[in-house]
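Student: sequence and predicted structure are below.
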Amino acid sequence: MTKPTYTAITIGPIYKTLSLARKTRELWGASYLFSFIMRKIIEGLGDEQKCCLPFHSNILKEWKDKGAGLFPDRLIYEGDVSDAIPGIEENIIKILSDKSGLDSIYLQNYIRIYFTTYSLPLPIYKDDESIEKNYNIIMVANKLLDALELKGKYYSGNISGIDWKKAIDNLNGKQFYTEAFQNSKKFEFPSIAEIATFDFYDYKPEAYEALVKQHITLQEEKDQSDFLNALKNSTEFGDKLKLRTYHKYIAVVQGDGDNIGKTIQAIGGDKKMVQKFSSALFDFALAATDEIKKYGGKAVYVGGDDVLFFAPVAVFNENLNEGNGGLSSIFGLLSALDQKFEKYLINHPDLKELYKEGGKLHGNVPSMSYGVSITYSKYPLNEARDTAYALLQKAKSIKDDKNKICFKLHKHSGHSFGFTVNKKEKNGGKPPLSYNYFIKMVTNIPLTEGLLLSISTKLAPLHVLLKEIGSDKPRLNPFFEQEFEYEKLEKTINNNSLPASVREEAKSQLTFIKSIEEFYHQLCVDFKEHNLPFPTNATEASDSNIAKLYSTLRFIKHLTDEEDEQ
């Protein structure tokens, strides 16, 4: 019986190339470069149905006009195609050289396309599960590719004249933009200021585009503060949508799947199951790209469960809070991505049996963890990206306790704060109720003047009391009723002689304050071990329930402020 043979391919150097980027368009282009290379390899091999990972029945059609790189840096292909790869590589280098302006000899030495062929079983695992692992299509390939990537490939010639930034700009303009944004007449990847102020564009596109044309010139690297001042002083956007602190900040989000390795181990050497799993990941990537775009973000890459994107910290929605308008934050987008992940991976008709009770992966259901770095618009982009990656690693640092969001806001003043949001029940896969309350609170934020300052001012001195009564609903509820005058707000709501706008605003205030009460109480119930005193410094008990409450309120206040707090 003939052993099944596969070719495994890896490309690079990814981190080195991304580290050259200083602006949004450079980072996007540097990332898209590798998606482009992998796609060209698949096209050159001629039969995408032989792809195991990545795989999708329409993989060479569905990527078009999605605005992000969707092809990962590793490929597993059925059969021995090692003879075809050198010719494919030569064609890729020629295209890149023609479009970038870089010398082809330099690119041949810089771009890495490593490959190896193998037949199963391959006896490289020596542990108790060696037989099953040695038949595993993906695990064996990853082991071999990890070894290949240790082989450094360095260009020994003169590199003093290499201008990678200009090369990326050339590739963006001559190749990448027209592929990734096919329906756009003329496209330039937006600046940080444009991404951060997406809600102005969404509210009145023509007025917004006129200000962009007047104030932002990407090629000249012009200071974009003039653009923000023009938005602030414009009368085109009405009274509800105002330039606020969050418009001067950008969110850089890095996400990665949890328990994906365990899923790979469970599906083993079954090629059809590998393709179904890979197809589900690709469907999630397509849906995630659409969700990011709908919120106002810009995806850098979405390679299956591996995502990196820029996004507004918050967006204005005039339909929230009884029509008075309000804000929905970046956390709402992450919740939407989780819902897509559950739809395409967990509830996939051919995969869900793995996660049911008695299935191979019961108790190890895949999920998504995120690192969220929010920084001032002039903060170095590479540092923000590195912070997002470090936060992601923190979210995934504890074995069997992942599925988290680690968040950090670095203020213009130099101060920073953050917290960890746990999306998983202890001993279970469903979100804890406290997470549901958290999402409810940060996706419907009223813009009542002084509301967040009033709430923070009243709660801050009472952290000792709050710690003691947090899990005791009969004590916590009267405290909130008294401090925030629930009865007075309810009388306003029910007073039909008052203008409707006044009653509606009182209703949105009461709803929001009650959501704070619900969130904190449920935190104390869900995570009893975190009912610790308020930290005396930034590193002590930073994930205590009371610290999470105050950090959440501080984050929301940052969104609603019109001036940046020093």
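Tutor: Cool, got the structure.
Student: which residues does Thr245 contact?
Tutor: His558, Leu559, Asp561, Glu562, Glu563, Asp564, Glu565 (CB atoms under 8 Å, 6 or more residues apart in numbering). (Each C-beta comes from the backbone N, C-alpha and C, glycine too.)
Student: list the contacts for Gly255?
Tutor: Each residue near Gly255 by CB under 8 Å, 6+ apart is listed here: Asp305, Asp306, Val307, Leu308, Leu334, Leu337, Met368, Ser369, Tyr370, Gly371, Leu392.
Student: now, which of these sits nearest Tyr437?
Tutor: Nearest to Tyr437 out of the contacts of Gly255 is Leu334 (CB to CB; 15.4 Å).
Student: following the helix or strand containing the closest one, which helix or strand comes up?
Tutor: According to DSSP states H and E, Leu334 maps onto helix 330-341. Downstream of helix 330-341, the first helix or strand assigned by DSSP H and E is strand 367-376.
Student: which helices and strands sit right next to that next one?
Tutor: Under the contact criterion of 3 or more CB pairs under 8 Å, 6 or more residues apart in numbering; DSSP states H and E, strand 367-376 touches strand 249-258, helix 330-341, helix 381-395, strand 404-410.
Student: most packed of those?
Tutor: Comparing these by mean neighbour count (mean count of other CB atoms under 10 Å), strand 249-258 ranks first with a mean of 24.
Student: could I get that strand in CSV with only the CA atoms?
Tutor: Output of strand 249-258 as CSV, limited to C-alpha atoms (Å, rounded to 0.1, in the frame of the first residue of the first chain):
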residue,chain,number,x,y,z
TYR,A,249,-6.5,57.0,19.8
ILE,A,250,-6.2,53.8,17.8
ALA,A,251,-6.8,50.2,18.8
VAL,A,252,-4.3,47.6,17.5
VAL,A,253,-5.7,44.1,18.1
GLN,A,254,-3.9,40.8,17.8
GLY,A,255,-6.0,37.6,18.1
ASP,A,256,-5.3,33.9,18.1
GLY,A,257,-7.2,30.7,18.5
ASP,A,258,-7.1,28.6,21.7
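Student: could you point out which element follows it?
Tutor: Downstream of strand 249-258, the next assigned helix or strand under DSSP H and E is helix 260-267.
Student: what is the orientation angle of the helix or strand just after that following helix with strand 249-258?
Tutor: Remark: after helix 260-267, the chain's next helix or strand is helix 271-295, criterion DSSP H and E. Following axes from the mean of the first three to the mean of the last three CA atoms, to 10 degrees, one obtains 160 degrees for the angle between helix 271-295 and strand 249-258.
Student: and the next helix or strand after helix 271-295, how far from the chain's centre?
Tutor: Next helix or strand after helix 271-295 toward the C-terminus (DSSP H and E): strand 298-303. When distances are taken as CA atoms, centre = their mean, to the nearest Å, strand 298-303 is centred 8 Å away from the chain's centroid.
Student: quick one: average pLDDT of the following helix or strand past strand 298-303?
Tutor: Downstream of strand 298-303, the first helix or strand assigned by DSSP H and E is strand 306-311. For strand 306-311, the mean pLDDT works out to 97.
Student: now the nearest residue to Gly332 once chain neighbours are set aside: how far from Leu60?
Tutor: Spatial nearest neighbour of Gly332, excluding adjacent residues (CB to CB, 6 or more residues apart in numbering): Thr443 at 3.8 Å. Computed as CB to CB, to the nearest Å, the Thr443 to Leu60 distance reads 37 Å.
Student: those two: which has the busier surroundings?
Tutor: More crowded of Thr443 and Leu60, by other CB atoms under 10 Å: Thr443, with 20 against 14.
Student: got the phi and psi for the residue nearest to Gly332?
Tutor: Main-chain dihedrals, Thr443, degrees, to the nearest 10: phi -120, psi 10.
Student: was I right about it contacting Leu333?
Tutor: No - assessed by CB atoms under 8 Å, Thr443 is found out of contact with Leu333, at 9.2 Å.
Student: returning to what we had before: what comes into contact with the helix holding Leu334?
Tutor: By CB under 8 Å, 6+ apart, the residues outside helix 330-341 that reach it are 251, 253, 255, 257, 284, 287-288, 291-292, 295, 297, 305, 307, 311-314, 366-368, 370, 372, 374, 405, 421, 423, 438-439, 442-443.
Student: one more time with 7 Å, if that's ok
Tutor: Residues from elsewhere that reach helix 330-341, judged by CB atoms under 7 Å, 6 or more residues apart in numbering: 251, 284, 287-288, 291-292, 295, 297, 311, 313-314, 368, 370, 372, 405, 439, 442-443.
Student: now the farthest one out in this protein, which residue is it?
Tutor: Ser497 (47.0 Å; CA atoms, centre = their mean).
Student: pLDDT weak spots in the chain?
Tutor: Under the criterion pLDDT under 70, the flagged ranges of the chain are 1, 128-129, 152-161, 183-186, 217-223, 426-429, 536-541, 565-566.
Student: center of it, which residue is that?
Tutor: Centroid-nearest residue in the chain: Val253, 3.8 Å away (criterion: CA atoms, centre = their mean).
Student: which parts of this structure are strands?
Tutor: Shown for the chain, the strands assigned by DSSP state E span residues 5-12, 51-53, 74-78, 112-119, 249-258, 298-303, 306-311, 314-317, 326-329, 367-376, 404-410, 416-422, 445-446.
Student: any chance of those in CSV, plus distance to Leu27?
Tutor: Shown next, in CSV, are the strands of the chain (distance: least, CB to CB, whole Å):
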stretch, distance to Leu27
strand 5-12, 16
strand 51-53, 25
strand 74-78, 21
strand 112-119, 20
strand 249-258, 9
strand 298-303, 6
strand 306-311, 8
strand 314-317, 22
strand 326-329, 23
strand 367-376, 13
strand 404-410, 18
strand 416-422, 22
strand 445-446, 29
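Student: please name the nearest non-neighbouring residue to Leu20.
Tutor: Trp164 (4.8 Å).
Student: the one you found: neighbour count?
Tutor: Neighbour count for Trp164, taken as other CB under 10 Å: 18.
Student: repeat that for Leu243.
Tutor: Leu243 has 18 neighbouring residues, counting by other CB under 10 Å.
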